[in-house]
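Visitor: predicted coordinates and the sequence they were generated for:
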Amino acid sequence: MQERQLLDETFDPQRCGSYQLLLQPGRLGFRLAVHDPLRNQFIAFASLPLQEASEGRWHEAIAKLQAAYPWVASSFRNVRIGWRSHLFTLLPQALFIEAEAKRVLQAMGAFYDCDAIYYNRLTADALMLFTVPGDLVNALQPIQPQFSIIHPDASLHLLALSLFRRSAGLVVHVAEGVVTLILAGQGRLLALLSFKTQAETNVLYRMVALLKAHGLTPNTTPCLTVGPPSTTGKSTPLGQQHPLSAATVAALIEQYFPRVSGKVAIPGHSFSYLLESVREENPALFATILCE
């Protein structure tokens, strides 16, 4: 990740009350975008790399973010935080009982008692339940008292529905050693699978198995691979395996899957010309605007 700040000439820090802030924290830093709902246009982007954030250090990380970009603490029309929890599950709406949410996630894996539990609606009858570090929530509240938290894979699910309205297609989200496969087609979610790996071939095998289970084949299923250009921003030492990234995954799977052609569009939203250089690398951030 590189430190960048791209501000359209129409971006006015004094008018943040009419803008929407999208903020995506991660282990290696922050990505931010500002959206003008009057024009339905993204007018600002910023990123800030940090040394790996860990439990108990989010207050320090947020302080560095505010020092670098003071406007992030302005009062916005609304604020959406994109947190990619590795502990999540999908539930039918009919089976969701909010008081039982913690018990459901405990069956999926361990998490801290202080962690918060959020959920996003994927469809009218399904939702995604996930955890968020309590320390991150507490660190955000002094600069933005009101915010919603959205899982990036929930956002990408909506993007997949817009991309694959007729025939089925795949969105592959790669970030920080975690891969999510989102299979959609004909206006509905067909499958969502998340797993940890550092091998591109493992991603390919799982993609093929997922398609086979749904009666599909790689050569007729378009695929979009998204994620930051590098998980570390550093070169790989000689003799060591390179880190998994969207680029390394795409290089392999595009030998077998047709690639989604053209620039990725966020339905109903446009980009300032200054942001054209970053829109392809950050669809998970920009797609957060699709979630209510």
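Guide: Thanks, I have it. None of these values were measured; they are calculated from a predicted model.
Visitor: which helices and strands sit right next to the longest helix along the chain?
Guide: Counting residues, the longest helix found in the chain (DSSP state H) is helix 200-213. Counting contacts by 3 or more C-beta pairs under 8 Å, 6 or more residues apart in numbering; DSSP states H and E, helix 200-213 packs against strand 169-175, strand 178-185, strand 188-196, helix 246-253. In this view, the C-beta of every residue, glycine as well, is placed from N, C-alpha and C.
Visitor: now tabulate these in a markdown table and tack on mean pLDDT.
Guide: Listed next are the helices and strands packed on helix 200-213 as a markdown table, based on pLDDT from 0 to 100:
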| stretch | mean pLDDT |
| --- | --- |
| strand 169-175 | 93 |
| strand 178-185 | 94 |
| strand 188-196 | 92 |
| helix 246-253 | 90 |
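Visitor: need the winner for burial among the ones you listed.
Guide: When the helices and strands packed on helix 200-213 are scored by mean count of other C-beta atoms under 10 Å, the highest mean neighbour count falls to strand 169-175 (a mean of 24).
Visitor: pLDDT weak spots in the stretch 51-200 of the chain?
Guide: 52-56 (pLDDT under 70).
Visitor: if we go to 50?
Guide: Under the criterion pLDDT under 50, no range of the stretch 51-200 of the chain is flagged.
Visitor: in it, which spans are strands?
Guide: Secondary structure of the stretch 51-200 of the chain (DSSP state E, counting those that start in this stretch): strands at 78-82, 88-92, 116-123, 126-132, 148-150, 169-175, 178-185, 188-196.
Visitor: for burial, what's the neighbour tally of residue 243?
Guide: 15 (other C-beta atoms under 10 Å).
Visitor: again with residue 255
Guide: Neighbours around residue 255, by other C-beta under 10 Å: 9.
Visitor: swap in residue 290?
Guide: 19.
Visitor: doesn't residue 284 make contact with it?
Guide: No - using C-beta atoms under 8 Å, residue 290 makes no contact with residue 284, being 11.0 Å away.
Visitor: now for those two: what residues contact both?
Guide: Both residue 290 and residue 284 are in contact with residue 155, where contact means C-beta atoms under 8 Å, 6 or more residues apart in numbering.
Visitor: circling back: including distance to residue 160, could the strands of the stretch 51-200 of the chain go into a markdown table?
Guide: Converted to a markdown table, these look like this (distance: least, C-beta to C-beta, whole Å):
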| stretch | distance to residue 160 |
| --- | --- |
| strand 78-82 | 16 |
| strand 88-92 | 14 |
| strand 116-123 | 11 |
| strand 126-132 | 14 |
| strand 148-150 | 15 |
| strand 169-175 | 4 |
| strand 178-185 | 4 |
| strand 188-196 | 8 |
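Visitor: which ones are touching the residue nearest in space to the middle of the chain?
Guide: What sits nearest the mean C-alpha location of the chain, by C-alpha atoms, centre = their mean, is residue 152, with 2.9 Å. Contacts for residue 152 (C-beta under 8 Å, 6+ apart) come out as 24, 82, 83, 84, 173, 284, 285, 287, 288.
Visitor: no further queries at this time; thank you.
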